[in-house]
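>>> how would this look folded up:
(2 chains)
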Amino acid sequence: QQPVQSPQAVILREGEDAVINCSSSKALYSVHWYRQKHGEAPVFLMILLKGGEQKGHEKISASFNEKKQQSSLYLTASQLSYSGTYFCGHLEQGGKLIFGQGTELSVKP
Amino acid sequence: GAVVSQHPSWVICKSGTSVKIECRSLDFQATTMFWYRQFPKQSLMLMATSNEGSKATYEQGVEKDKFLINHASLTLSTLTVTSAHPEDSSFYICSWLLQETQYFGPGTRLLVL
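Next up is the predicted model:
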């Protein structure tokens, strides 16, 4: 079952903040976050392995609430380079990664 | 580290021909790799999981005789789209599993005329 992401799309001005949410109907043991620029392959951002874990990557951070089966990606002081489609995903047996439907982020000057 | 290459990056072919896409891990070795397909404005859809030395496991709805996977080594896998049709036009992306993280290739855009 595919994780559900919200919002589907968001438009920001440079310097603004955004939150992308990811929820699953099944138990999660890890959450992966990727960013994909138009016409390119997804780039790994981070993996969260423990319930309640938070991680940071530049000004992009994420939290994972294992009990609620939810993860959130936080983008602070957004830059133009943050534009792209963000996917969350969870690992299934055998290492299969099931992606959410994606959140398209556009950062305008 | 964890660099993956795909070749070709672009391919245009006539309907009915076969196309081979190559996926290599350049600076690491891994047993498990994946092939995805992505249509415009959509998420990545897993096509198959491949472990070196074993037959690939295809997702429901993906024809194994149409999408042939040859996992030749711990660094090379190929996907052959046989008798391609216009509906097979898509963005094909491979990934390798390394320490619970998937590393993606740059993708191959296939256009079938």
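>>> Output the lowest mean pLDDT helix or strand found in the chain.
No chain was given, so I picked chain A. strand A:54-57 (a mean of 66; mean pLDDT, DSSP states H and E).
>>> Chain B was what I was after
When the helices and strands of chain B are compared on mean pLDDT, DSSP H and E, strand B:101-104 comes out lowest with a mean of 90.
>>> Pairing partners for it, with directions?
strand B:90-98 (antiparallel) (DSSP bridges).
>>> got a list of contacts for the strand it pairs with?
Applying Cβ atoms under 8 Å, 6 or more residues apart in numbering or on different chains, the set of residues contacting strand B:90-98 from outside is A:39, A:41-42, A:95, A:97, B:2, B:4, B:6, B:21, B:23, B:25, B:28, B:30-39, B:44, B:77, B:79, B:81, B:102-105, B:107-110. Where C-beta positions appear, they are placed from N, C-alpha and C, glycine not excepted.
>>> Show me the residue sitting in the middle of chain B in space.
Using Cα atoms, centre = their mean, the residue of chain B that lies closest to the mean C-alpha position is B:W35, 3.8 Å off.
>>> Just list whatever residues bridge to that one.
Per DSSP bridges, residues listed as beta-bridge partners of B:W35: B:A48, B:C94.
>>> and if you look at A:I20?
For A:I20, the beta-bridge assignment (DSSP bridges) gives partners A:L73.
>>> Now do it against A:K67, distance only.
20 Å (Cβ to Cβ, to the nearest Å).
>>> go on, A:W33?
Using Cβ to Cβ, A:W33 is found at 19 Å from A:K67.
>>> and what of A:S24?
In this view, A:S24 and A:K67 are 12 Å apart by Cβ to Cβ.
>>> so A:F44 touches A:Y86, yeah?
No - at 11.9 Å, A:F44 does not count as touching A:Y86 under the criterion of Cβ atoms under 8 Å.
>>> between the two, who's got more neighbours?
Legend: neighbour count by other Cβ atoms under 10 Å in any protein chain shown for A:F44 and A:Y86, higher for A:Y86 (24 against 16).
>>> wait, what's in contact with the more buried one?
With the criterion set at Cβ under 8 Å, 6+ apart, A:Y86 makes contact with A:5, A:20, A:33-36, A:45, A:73, A:102-103, A:105.
>>> swap in A:I98?
The contact partners of A:I98, by Cβ under 8 Å, 6+ apart, come to A:1-3, A:89-92, B:46.
>>> of those, closest to B:I12?
Looking at the contacts of A:I98 and their distance to B:I12, the nearest is B:L46, at 25.1 Å (Cβ to Cβ).
>>> Could you check how far that closest one is from A:G102?
Taking Cβ to Cβ as the criterion, B:L46 is separated from A:G102 by 15 Å.
>>> related to what we said a few turns ago, A:I20 and A:K67: which is more packed in?
Between A:I20 and A:K67, counted using other Cβ under 10 Å, the more crowded position is A:I20 (22 against 9).
>>> Up against chain A, what does chain B have?
Where chain B comes near chain A, counting by Cβ under 8 Å from any Cβ of the partner chain, the residues are B:4, B:32, B:34, B:42-44, B:46, B:49, B:57, B:91, B:93, B:95, B:97, B:100-107, B:109.
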